[in-house]
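Engineer: got a predicted model here, sequence first, then my questions.
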Amino acid sequence: MGDHDSSQPGGAADPMAPPTTKKKTVTAEDLFEPHVQAQYDPKAVELVVWGANSASPAQHEAPLAEVRKNPSLYAPPWCTDTTGYERVSDDAVPSTDGQAQIPVKVYCPDPTKWGEGPYGVHLNFHGGGHVLGDLTTDALLCLNMREGAGVVVVDVNYRHCPEATWGKGIEDGWAAVQWVCPQFGRETEHQPRLGVSRGISAGATISLVLQHLARDAGVPLRLCMATVPGTDKSLLYDDPAESPYPSFTEFANGPVLPFARIRLFGGICFPRDELPERLALVPEWWTCPLQAPDFGGLCDTLIRTGAVDPLRDEAEAYGFKLVQAGNVKVTMKRYTGCPHMWMYWRPMPQKHEYDQDSIRALRDAHGVK
């Protein structure tokens, strides 16, 4: 399926339409190092320049307290509130520590198209450096997957830093797995067949950790879809040269997810004056899934990267480690000319290719005709 029709209730105008006012004027030369621009898709360059000249304030340019106070003001243009949409409902998952109710949106398929079920269940975890994002971030992607693959999509708004310590988001993801999985004994309309965990960026890192936890608990995940996950200790680095992966340094000064932003997220998630105490709160491999103790027996995995994304190489390194395990079906795809956020950018053909790839993977995983 293509993008969701914005004429439905709660929809918005084309999120990539040019703004009516400009806050500044910059050019590609102001934003790109020549060797980086040469590798970007020209449409991606155009959209980056458009974004830099947009009248809308960027999340990372405002104090976090201000973003929290006015989330809609700082939301990226693709964010959509699907409250009130047909077959979309709100619910909450009790956290495993008993300290929170984790908001979720549940997207159910159209029974006139897909029958009465039971349906496969797909868990979604948005990106945002473990700091930003909410249930509007991936809403259009969730709609596309529901409509194109005939699965129930449960979008999880896990806890973020600094309000919660890093690792609580992973715990919340595991609580969501238990919430939809029949073997944990909770009867709900959403749980007939847990099949897929998926995430983008920080959400992809959560998905990879959940992949291991699910295997250890005997939860039969059918597929893990991870898009540009952080699999190295990227949030702990104080200099891009600390990374052993070439893409991390090559694109460290790029206009999309530069190292300065990764370092900002890292300082929020792991305050350097509390670093030993924070790291002691979670298993070491959670901060670096590449160091997980056992890669055997994991579910089928789809790893997708952007060719000009700083996280490209570490994400692909995780895929190769799965291949080396020998008993895991692994598919990896690199999207040419694409930076970190390409899956949200409607004018890019690779965004629509990404959507079709998601739908195809979901349908294959669940045997949907």
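Structural biologist: Sure thing, it's come through.
Engineer: which element, helix or strand, includes residue 105?
Structural biologist: Using DSSP states H and E, residue 105 falls within strand 101-107.
Engineer: mind listing what's buried along the helix or strand following that strand?
Structural biologist: Where DSSP H and E defines the elements, the next helix or strand beyond strand 101-107 is helix 111-114. For helix 111-114, a neighbour-count test (16 or more other CB atoms under 10 Å) marks residue 114 as buried. All C-beta spots, glycine's among them, are computed from the backbone N, C-alpha and C.
Engineer: and stretch 250-258, by the same measure?
Structural biologist: 250, 251, 252, 254, 255, 256, 257, 258.
Engineer: how about the last one, what does it touch?
Structural biologist: Residues touching residue 258, when contacts are defined by CB atoms under 8 Å, 6 or more residues apart in numbering, comprise 251, 252, 310.
Engineer: repeat the analysis, applying 10 Å as the threshold.
Structural biologist: Residue 258 makes contacts with 60, 240, 251, 252, 264, 310, 340, as judged by CB atoms under 10 Å, 6 or more residues apart in numbering.
Engineer: for the most centrally placed residue in the chain, list each beta-bridge partner.
Structural biologist: The residue lying closest to the centre of the chain (CA atoms, centre = their mean) is residue 200, at 1.9 Å. Taking DSSP bridges as the rule, residue 200 bridges to residue 227.
Engineer: quick one: it and residue 315 touch, right?
Structural biologist: No. The pair residue 200 / residue 315 is not scored as a contact, 11.1 Å apart, by CB atoms under 10 Å.
Engineer: next one: phi and psi at residue 156?
Structural biologist: phi -110, psi 120 (degrees, to the nearest 10).
Engineer: so for stretch 160-173, what gets flagged as buried?
Structural biologist: 160, 161, 164, 165, 166, 167, 168, 169, 170, 171, 172, 173.
Engineer: apologies, that question was intended for stretch 73-90.
Structural biologist: 74, 75, 76, 77, 78, 79, 80, 81, 82, 85, 88.
Engineer: how close does the first one sit to residue 62?
Structural biologist: If you measure residue 74 against residue 62 using CB to CB, to the nearest Å, the figure is 6 Å.
Engineer: need the overlap of contacts for these two.
Structural biologist: The contact sets of residue 74 and residue 62 overlap at residue 68 (CB under 10 Å, 6+ apart).
Engineer: all helices for the stretch 51-200 of the chain, in order.
Structural biologist: 64-69, 71-74, 111-114, 139-149, 168-180 (DSSP state H, counting those that start in this stretch).
Engineer: run the chain-centre distance for the longest one.
Structural biologist: I take that to be helix 168-180. 15 Å (CA atoms, centre = their mean, to the nearest Å).
Engineer: again with the second one
Structural biologist: Taking the mean C-alpha point of helix 71-74 and that of its whole chain, the gap between them comes to 19 Å (CA atoms, centre = their mean).
Engineer: for it, list the C-alpha coordinates in PDB.
Structural biologist: In PDB, the C-alpha atoms belonging to helix 71-74 read as follows (Å, rounded to 0.1, in the frame of the first residue of the first chain):
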ATOM      1  CA  PRO A  71       5.400  18.600  21.500                       C
ATOM      2  CA  SER A  72       3.200  19.400  18.500                       C
ATOM      3  CA  LEU A  73       5.100  22.700  17.800                       C
ATOM      4  CA  TYR A  74       8.300  20.800  17.500                       C
END
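Engineer: nearest to residue 92, out of the helices of the stretch 51-200 of the chain?
Structural biologist: Closest to residue 92 of the helices of the stretch 51-200 of the chain is helix 168-180 (CB to CB; 9.3 Å).
Engineer: quick one: average pLDDT of that closest one?
Structural biologist: Computed over helix 168-180, the mean pLDDT rounds to 95.
Engineer: tell me the angle of that helix relative to strand 101-107?
Structural biologist: 60 degrees (axes from the mean of the first three to the mean of the last three CA atoms, to 10 degrees).
Engineer: what's the closest non-adjacent residue to residue 171?
Structural biologist: residue 96 (5.3 Å; CB to CB, 6 or more residues apart in numbering).
Engineer: pull the number of nearby residues for the closest residue in space to residue 233 that isn't next to it in sequence.
Structural biologist: Residue nearest to residue 233 in three dimensions, not counting chain neighbours: residue 288, with 4.8 Å by CB to CB, 6+ apart. By the criterion of other CB atoms under 10 Å, residue 288 has 17 neighbours.
Engineer: who are the neighbours in contact with residue 288?
Structural biologist: Counting by CB under 10 Å, 6+ apart, residue 288 has contacts 205, 230, 231, 232, 233, 234, 235, 236, 314.
Engineer: export these to TSV and tack on neighbour count and distance to residue 101?
Structural biologist: What follows is those, written out as TSV (neighbours: other CB atoms under 10 Å; distance: CB to CB, whole Å):
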residue	neighbour count	distance to residue 101
205	31	23
230	27	27
231	27	30
232	24	32
233	18	31
234	24	30
235	23	26
236	17	30
314	25	33
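Engineer: and which of the residues you listed is nearest residue 41?
Structural biologist: Looking across the contacts of residue 288 and measuring by CB to CB, the closest to residue 41 is residue 314, at 21.7 Å.
Engineer: what about the residue lying closest to residue 323 once chain neighbours are set aside, how many neighbours?
Structural biologist: Of all residues not flanking residue 323 in the chain, residue 330 sits nearest, at 5.3 Å (CB to CB, 6+ apart). The tally of other residues near residue 330 (other CB under 10 Å) stands at 18.
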